[in-house]
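Student: everything below, folded, please.
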Amino acid sequence: MILFAILQSKPGNNVVYYPNRILKGLEPFEGGVKTRNPFSWIKEAFSSSEQDVIAVSGVDTAVYFVFLSTVFSILVLCGIILLPVLLPIAITAAGGKKTQTTSKGTFNELDQLSMGNITAKSTRLWAFFIACYWVSLVSLFLLWKAYKHVTWLRSEAFKTPDLKPEQFAIVVRDIPPVPEGQTRKEQVDSYFRAIYPETFYRSMIITDNKTVNKIWEELEGFKKKLVRAETVFANSKTTAKPEGTRPTNKTGWLGLIGEKVDSIEYYNEKINELVAKLESEQKVTLREKQQNAAIIFFSNRVVAASASQSLHAQTVDRWSVFDAPEPCQLIWPNLKIKYFQRELRQYLIYFIVALAIFFYTIPITFVSAFTTLKNLVTILPFLKSILKLVALRTILEAYLPQLALIIFLALLPKLLIFLSRLEGIPTESHVARAAAGKYFYFTVLNVFIGVTLGATLFKTFKQIQNKPKDLVPVLAASLPGNATFFLTFVALKFFVGYGLELSRLVPLIIFHLKKKYLCKTEAEVKEAWAPGDLSYATRIPSDMLIVTIVLCYSVIAPLIIPFGALYFGLGWLALKVYVPAYESYGRMWPHINNRILASLILYQITMFGYFGVQKFYYAPLLIPLPLLSILFGFVCAKRFYPSFENQALEVAAAEVKEVPNMELIFRSFIPPSLSSEKIDDDQFEDARSEVSRQTSFV
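Tutor: Numbers count the residues shown, from 1 in each chain. Sure, this is the predicted structure:
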């Protein structure tokens, strides 16, 4: 935080610390001041209104703030009661028993502050019992408020008079084979014009763009190189040498081998070649590579919203539709995948993920078991002399297993995003939701449950081997002991994770190195400081793991609550630097709500089991809690979720401030590789709608 306070005040660093404001054309500092108190950013972060957040970063970011503030409020309200009540009860327990612990002497004092310090059948357990109800009721109350608020945010975003192209379009898949004597274009146009004669505008047939995209990307690469070469040439002109020095490059691999040529002439030649090649491939793509999917445009957004929710054919595998997302969200190759193939892919991916979760448990278990110092010294005896240093031993003892776990989990996201795309999901936001769900199950089952089981089974294997019936009591009794591990895990994620993220130290160093040694043009400088996406697919499951851990240990070891509250509180500050790549208008919230509910139910079941181990005979009185949580989820799904799945027609009916320019809306969905400045070229006849050929984009 100190690094952030110092570095963000330097003018040259503004683009790293305030990129979202700069990209919006605003001053880096709110109010437009040039100099200010280095810590005034804290006030700015907390004083920013929700509308300010939406204006700068969009609805999705505002919804993420709702998530952070909701969890933060739950933990604060729980901490206010639990910390002053439960900690004294635990530490003053008469005849407190020696608890199991993963700290092995490092944090023994903390173990006395947990529920594990209470003897079985003690009347003090009533305080912890009542605390279970308090945590559950506070969580459900605040989740209800949050769901209502996000629903309102979503409807207000759709009601705005500003035109959103996606509100005037739907995507249709599973188009049946083209009838004889018709083109694909004529088939689609005649079908939708018959159903929507007054409001159907035109259609855009989806094409296989793999080849044309490759050529376009190569062309854009040479254009960037040309601009760079021309900039280098212009900068080489001096008073002493007004003619300058023309840049050169080699034509071989990475510009390191091959013939040496004049860069500007060479890049111009390559651009001319690729432009001709691109135009030729565009003709082939639009005429010969049409797929069984299309985007349908309507002149009225109420009709578009209604069409996206309607059944257009008598069988589900023909003319299936969904509401169009932002153009940048569409995953074009997945649109052509047929219905039953999508279903098969989905179940196959679920099976692969289930296997991966199961087999990932094995390495996670070994990581949690073998990364304790005692086990490492047994395997690697030479560490004994190194670990005689008390300070080093303390740090490693506290954080080594957690670091190993965090590094292990960092390998997962790309795999899960790849698998979600493989399902045939058509939009980026849906992929993020699907990957986030998979990652959540990975983290909860393999980290929370896997670490607990792994550490306990490793220590008590012989006992369980001799008396298998002791498995459940032993595992339940291990919960307080593992509280120390998870407390330090949350602390590490907070201090190191959010600390590094807030300081932006690594992006700052990389930016200045690139700017000094690599960047020659303004576009390259902008690319160097581009902040990147919020990465919901990985960020939300990581946060959910913290929610799960903190909730499950909130009563067992209340000292974990302040660390959880700090984690989610600091998240407000760290989010100011990200620029979302797309806008789904809070579509992630139902999934966030369900994941928090799942964590809450896991917490309630955990507490029920632990009270049973403590021989607290009133433990069955906790049974209503998971039932109440399930009922809450059911009511939310019936009351709120439909408006997230489909846009309400009363919302779509809100007035717009201007008559929509349908041609601009149509053009916004054209892939860059298929854009053309040749408006009336007959070569693209097959790609145009019969309704308005005279204004077609090609």
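Student: does the nearest residue to residue 7 once chain neighbours are set aside belong to a helix, a strand or coil?
Tutor: Spatial nearest neighbour of residue 7, chain neighbours left out: residue 13 (5.4 Å); criterion: CB to CB, 6 or more residues apart in numbering. C-beta here means a position set from N, CA and C on the backbone, and glycine is covered the same way. Put simply, residue 13 is helix when judged by DSSP: H, G, I helix; E, B strand; the rest coil.
Student: so residue 13 makes contact with residue 4?
Tutor: No - using CB atoms under 8 Å, residue 13 is not in contact with residue 4, being 10.0 Å away.
Student: of the two, who's got more company?
Tutor: residue 4 (23 against 18; other CB atoms under 10 Å).
Student: contacts only, for the more buried one.
Tutor: 17, 41, 502, 503, 504 (CB atoms under 8 Å, 6 or more residues apart in numbering).
Student: only the buried residues of the helix or strand hosting it, if you could.
Tutor: Assigned by DSSP states H and E, residue 4 belongs to helix 2-7. The neighbour-count check on helix 2-7 (16 or more other CB atoms under 10 Å) flags 4, 5, 7 as buried.
Student: likewise for stretch 188-195?
Tutor: Under the neighbour-count criterion of 16+ other CB under 10 Å, stretch 188-195 has 188, 189, 191, 192, 193 buried.
Student: if we can go back for a sec, just put the buried residues of helix 2-7 in TSV and tack on distance to residue 130 and pLDDT.
Tutor: Compiled in TSV, the buried residues of helix 2-7 are given as follows (distance: CB to CB, whole Å; pLDDT from 0 to 100):
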residue	distance to residue 130	pLDDT
4	41	78
5	42	76
7	47	81
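Student: would a markdown table of these with distance to residue 125 be doable?
Tutor: Shown next, in a markdown table, are those (distance: CB to CB, whole Å):
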| residue | distance to residue 125 |
| --- | --- |
| 4 | 44 |
| 5 | 46 |
| 7 | 50 |
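Student: scan the contacts of residue 4 and report the most crowded one.
Tutor: Neighbour counts for those peak at residue 17, which has 25 neighbours (criterion: other CB under 10 Å).
Student: from residue 500, how far out is the residue nearest to that one when sequence neighbours are not counted?
Tutor: Spatial nearest neighbour of residue 17, chain neighbours left out: residue 8 (4.0 Å); criterion: CB to CB, 6+ apart. Distance of residue 8 to residue 500, given as CB to CB, to the nearest Å: 15 Å.
Student: redo the buried residues of stretch 188-195 as a markdown table? Include pLDDT and distance to residue 596.
Tutor: Below are these laid out as a markdown table (pLDDT from 0 to 100; distance: CB to CB, whole Å):
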| residue | pLDDT | distance to residue 596 |
| --- | --- | --- |
| 188 | 94 | 42 |
| 189 | 94 | 46 |
| 191 | 94 | 43 |
| 192 | 95 | 41 |
| 193 | 94 | 46 |
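Student: so, low pLDDT: which residues of the stretch 201-350 of the chain?
Tutor: For the stretch 201-350 of the chain, the stretches with pLDDT under 70 are 254-255.
Student: so where do the strands sit in it?
Tutor: Secondary structure of the stretch 201-350 of the chain by DSSP state E, counting those that start in this stretch: the strands cover 248-250, 260-262, 290-298, 320-323.
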